[in-house]
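In: sequence plus predicted model, see below.
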Amino acid sequence: MKFHIQLETTYSYENPVSFSPHILRVFPRTDLFTRCEKRSFSTLPDARIHYRNDAFDNTVASCFFPEADRHLPFRLSLEIDVPEKNPFSFLLDAHALQIPPRYKDEERAFLASYLVLEGSGPLPAPLAPVGARPTVETLVNLTHWIHENIAYEERPTGLPRGAYETLSRGNGSCRDQAVLLAEVLRRNGVAARLVSGYLWEGDKPAGERHAESSLHMWTEAFLPGAGWIGLDPANGVLADHHFIAAAVGRTAQDVAPLAGSYYASEPVASKLESRVSVVKAG
């Protein structure tokens, strides 16, 4: 299955400003089966761009801007070939058949940071640890509960809220819900990480699309035998081939699509315009 992806983000300022280095994590994570067939990325003509892989093996572009400007554009065009995927097509090792998984010592050593809690507070009974339960059924139930009980909120900018704030509000964006599910999984003894990337929703009515014109965030759980399994509480589903990961990490800062600052000698009015398009080819 092929997708055409277009990302355009432009910052505009009332007067010329200087820029810190900007970090972008918007390039698809590819593997033996997922291929990026075409890629075009641009920003200001005088920018210096350095590509590298970070500690999570995400492809990162570090952009350096030698001159001040009134505009800062970023444009990315991609053609991705993704194999169709049944999200339930995996086999669990015997020690992962129930939650909490009985991680082996070597697994726990690697996964330790993905089990660290970010906050404290009571969880609703359907999300709280209650002893051993079937793994797949429990993951489905946790994801579905958040989808059904935390109303979706369109909030295109800003950091994710903490898990317990999202619970108290009863609503949240996709990134708020992903942070909540990661915390719930960790409370239940499951290693979890966050994922940002692209989501094709062309098979849904317009009013049900949660990633239209923007990037998406979801959660992954590590299950021995299966690896990292994607869970999307905003849509109440396990992640299939419609989900295209760009960055993974333990916290929301690790997967932020764009990070950087501008500098000026006095306050400057600014405006952000951003658009993401994910189109199925053929």
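Out: Happy to help now that I have it.

In: which residues does residue 123 contact?
Out: 167, 184, 187 (CB atoms under 8 Å, 6 or more residues apart in numbering). The C-beta positions use only the backbone N, C-alpha and C, and glycine is treated the same way.

In: against residue 184, how distant is the first one?
Out: In other words, residue 167. Noted for residue 167: a distance of 9 Å to residue 184, by CB to CB, to the nearest Å.

In: which one's more surrounded, the two?
Out: A side-by-side neighbour count of residue 167 and residue 184, using other CB atoms under 10 Å, places residue 184 first with 25 against 22.

In: which element is the more buried one on?
Out: Assigned by DSSP states H and E, residue 184 belongs to helix 174-187.

In: the helix or strand following that helix packs against which elements?
Out: Following helix 174-187 in sequence order, the next helix or strand is strand 192-199 (DSSP H and E). In this structure, strand 192-199 makes packing contacts with helix 174-187, strand 216-223, strand 227-232, strand 243-249, strand 270-281, judged by 3 or more CB pairs under 8 Å, 6 or more residues apart in numbering; DSSP states H and E.

In: list the helices and strands the third one packs on?
Out: It stands for strand 227-232. Counting contacts by 3+ CB pairs under 8 Å, 6+ apart, strand 227-232 packs against helix 135-149, helix 174-187, strand 192-199, strand 216-223, strand 237-238, strand 243-249.

In: CA-only coordinates of that strand in PDB, if you can.
Out: Output of strand 227-232 as PDB, limited to C-alpha atoms (Å, rounded to 0.1, in the frame of the first residue of the first chain):
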ATOM      1  CA  GLY A 227       7.700  -6.700  20.200                       C
ATOM      2  CA  TRP A 228       6.300  -3.200  20.200                       C
ATOM      3  CA  ILE A 229       2.500  -3.300  19.600                       C
ATOM      4  CA  GLY A 230       0.800   0.000  18.700                       C
ATOM      5  CA  LEU A 231      -2.400   1.100  20.500                       C
ATOM      6  CA  ASP A 232      -4.400   4.200  19.600                       C
END
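
In: how many degrees apart are that strand and helix 174-187 in direction?
Out: Orientation check (axes from the mean of the first three to the mean of the last three CA atoms, to 10 degrees): strand 227-232 against helix 174-187 gives 130 degrees.

In: can you list the strands that strand 227-232 pairs with?
Out: Paired strands of strand 227-232, with direction, are strand 216-223 (antiparallel), strand 237-238 (antiparallel) (DSSP bridges).

In: with the fourth one instead?
Out: Partner strands for strand 243-249, per DSSP bridges, with pairing direction: strand 192-199 (antiparallel).

In: show the average pLDDT along the partner strand.
Out: On average, the pLDDT along strand 192-199 is 97.

In: touching, residue 133 and residue 101? I think so.
Out: No. Shown here, residue 133 and residue 101 do not form a contact pair, counting by CB atoms under 8 Å, at 11.2 Å.

In: who has more neighbours, the two?
Out: More crowded of residue 133 and residue 101, by other CB under 10 Å: residue 101, with 24 against 14.

In: tell me the spacing between that one and residue 229.
Out: 12 Å.

In: now do residue 2
Out: 24 Å.

In: tell me which of these two has more neighbours.
Out: residue 229 (20 against 13).

In: would you enumerate the residues in contact with that one?
Out: Residues near residue 229 by CB under 8 Å, 6+ apart: 87, 90, 139, 220-223, 238-239.

In: PyMOL command to pick out the buried ones of those?
Out: Here is the PyMOL command that selects the buried residues among these (16 or more other CB atoms under 10 Å):
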select buried, resi 87+139+220+221+222+223+238+239
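
In: any chance of the contacts of residue 229 in CSV, plus distance to residue 53?
Out: Shown next, in CSV, are the contacts of residue 229 (distance: CB to CB, whole Å):
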residue, distance to residue 53
87, 26
90, 26
139, 29
220, 18
221, 23
222, 20
223, 25
238, 27
239, 22
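
In: and the furthest pair within the contacts of residue 229?
Out: Across the contacts of residue 229, the longest distance by CB to CB is 15.2 Å; it joins 87 and 222.
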